[in-house]
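> from the sequence below, what's the structure:
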Amino acid sequence: MSVLPMSTPSYQFRGVSQCLYTFERELERYEREGGSGNPYIIFAMGDRGFRDLKNSQESLLIKSIVEYDDASHTALFRMETTIHAVAASAFADTFLLWKSQFPELRLLHTTTSSVRGPSGKNKSPDGAWKPAILPYNREAKWPSMVLEAKSSERRPKLEEDMRFWLEGSRGQCTLAEQSLSRNGPSTTKNILFTEQKMTVVRTSAPNCDRITGQLPIRFEDVFLKPKKPGETDFQLSQTQLEDIANEIWTVQFTRARQQS
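Sure thing, here's the model as predicted:
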């Protein structure tokens with residue numbers, strides 16, 4: 001968690017009720033500030049506290065945990081704004097529309113499941129998928145595709161998240177998707193630089209394209225099996241990207257008008 005800003009709020013975990021009260025207070029502050037700052041909160045807690053939290057009925061806290069490090073005994077929470085939620089769900093809906101073309105192939109959506117990496121860190125993505133039937137010798141816990149929706153996170157934090165999935169899985173997770181609420185989706189594969197990127201701007205400059213780039217995702221990378229006749233790669237179209245962006249902008253600029 002060293003890549004987080006020094007100003008990241010940090011608290012001692014003193015039970016689920018206290019954690020919920022503190023989180024809700026920070027969330028209210030974050031929303032008042034427009035959701036443009038640091039979205040993270042750290043709670044220091046032992047393994048028992050983390051288990052108590054995961055076994056509680058407080059869905060707001062449970063869905064907000066993005067990682068737990070049993071070496072430092074700290075849990076990282078992310079405050080989710082409506083913009084963040086729309087960015088994640090809009091891309092997921094488009095991706096699942098492509099998947100629906102192959103009803104005989106089962107693809108499990110494992111978003112709520114946290115994954116424990118080799119360093120002892122547990123992490124939950126914004127979206128994750130893997131085939132119901134996995135290849136021989138593949139660890140069942142690792143998804144084949146991961147979605148991380150980002151809006152205001154700094155570059156080092158993005159790289160740390162990608163490193164967990166791509167390097168922590170020792171090559172079993174080969175595809176990490178970033179749905180960026182300001183710039184558009186991008187995909188990182190195997191190495192920590194953006195391999196492909198598709199961008200849309202709300203208002204383009206004169207003589208400049210409004211939508212640029214391509215975002216293909218190979219069938220084999222998702223389903224972990226060779227592609228057969230009739231099975232196609234995922235390709236985010238310009239119309240689909242514009243639809244995703246419009247959903248985000250509707251929330252973003254409606255909120256901006258309400259706050260002005």
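
> contacts and neighbour counts: CA atoms only from here.
Will do.

> close enough to count as contact, residue 79 and residue 27?
Yes: between residue 79 and residue 27 there is a contact under C-alpha atoms under 8 Å: 6.1 Å.

> of the two, which one has the most company?
Shown here are residue 79 and residue 27; by other C-alpha atoms under 10 Å, residue 79 has more neighbours (23 against 20).

> quick one, what contacts the more buried one?
Contacts for residue 79 (C-alpha atoms under 8 Å, 6 or more residues apart in numbering) come out as 27, 30, 39-41, 64.

> any idea how far it lies from residue 37?
11 Å (C-alpha to C-alpha, to the nearest Å).

> residue 227 touches residue 220, doesn't it?
Yes: Residue 227 is within contact range of residue 220, at 6.2 Å (criterion: C-alpha under 8 Å).

> which SS class is residue 168?
Classification of residue 168 using DSSP: H, G, I helix; E, B strand; the rest coil returns coil.

> what's the closest non-adjacent residue to it?
residue 117 (5.8 Å; C-alpha to C-alpha, 6 or more residues apart in numbering).

> one more: residue 94?
Closest to residue 94 by C-alpha to C-alpha, 6+ apart is residue 240, at 7.2 Å.

> helix, strand or coil for that neighbour?
helix.

> list the contacts of residue 125.
Taking C-alpha under 8 Å, 6+ apart as the test, what residue 125 contacts is 66, 111-112, 114, 146-148.

> what about 7 Å?
Neighbouring residues of residue 125 by C-alpha atoms under 7 Å, 6 or more residues apart in numbering: 66, 111, 146-148.

> quick revisit: the residue nearest to residue 168 and residue 169, how far apart?
According to C-alpha to C-alpha, residue 117 and residue 169 sit 7 Å apart.

> with residue 127 instead?
From residue 127 to residue 169 the distance is 16 Å (C-alpha to C-alpha).

> more crowded one of the two?
The neighbour comparison of residue 127 against residue 169 (other C-alpha under 10 Å) goes to residue 127, with 22 against 19.

> my read is that that one contacts residue 143, right?
No: assessed by C-alpha atoms under 7 Å, residue 127 is found out of contact with residue 143, at 9.6 Å.
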